[in-house]
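Undergrad: Sequence first, then the predicted structure, then my questions.
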Amino acid sequence: TTGALATQFVFGDASELELITVTALSGWHYPFLILFGMALGAVAFAFNQNLMLIIRTFKPLSMFPRLLLAGLIAGLIAYMVPH
């Protein structure tokens, strides 16, 4: 509600949905969309499986070592990719 009221206050009473344009896709796009959806589903499944494995692996550790390891990994990534 707050977001809707703030948007209405800033942009006026006009609907923000009228700025959206919908382009019709031709029929040859749909096989690619189906394949891409299946590929993304497989990636999501693999991500969830690995996430559950990581959770089960590090569950026996107390909170401090887990936070320390997460901080070290984040710091290493930030050092390697500073932007």
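TA: In hand now; what should we look at?
Undergrad: Name the SS class of residue 82, please.
TA: coil (DSSP: H, G, I helix; E, B strand; the rest coil).
Undergrad: burial of residue 20, as a residue count?
TA: Residue 20 has 7 neighbours, counted by other Cβ atoms under 10 Å. For the C-beta atoms, the positions are set from N, CA and C on the backbone; glycine is no exception.
Undergrad: Residue 41 now?
TA: 10.
Undergrad: Please tell me how far it sits from residue 3.
TA: To residue 3, residue 41 is 30 Å away according to Cβ to Cβ, to the nearest Å.
Undergrad: All the helices of this structure, residue numbers only.
TA: Using DSSP state H, the helices of the chain run over residues 2-11, 29-58, 63-80.
Undergrad: As a markdown table, these with mean pLDDT and distance to residue 23 would be great.
TA: A markdown table is the format used below for the helices of the chain (pLDDT from 0 to 100; distance: least, Cβ to Cβ, whole Å):
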| stretch | mean pLDDT | distance to residue 23 |
| --- | --- | --- |
| helix 2-11 | 83 | 23 |
| helix 29-58 | 96 | 10 |
| helix 63-80 | 94 | 38 |
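Undergrad: Of all these, which one is nearest residue 19?
TA: helix 2-11 (9.4 Å; Cβ to Cβ).
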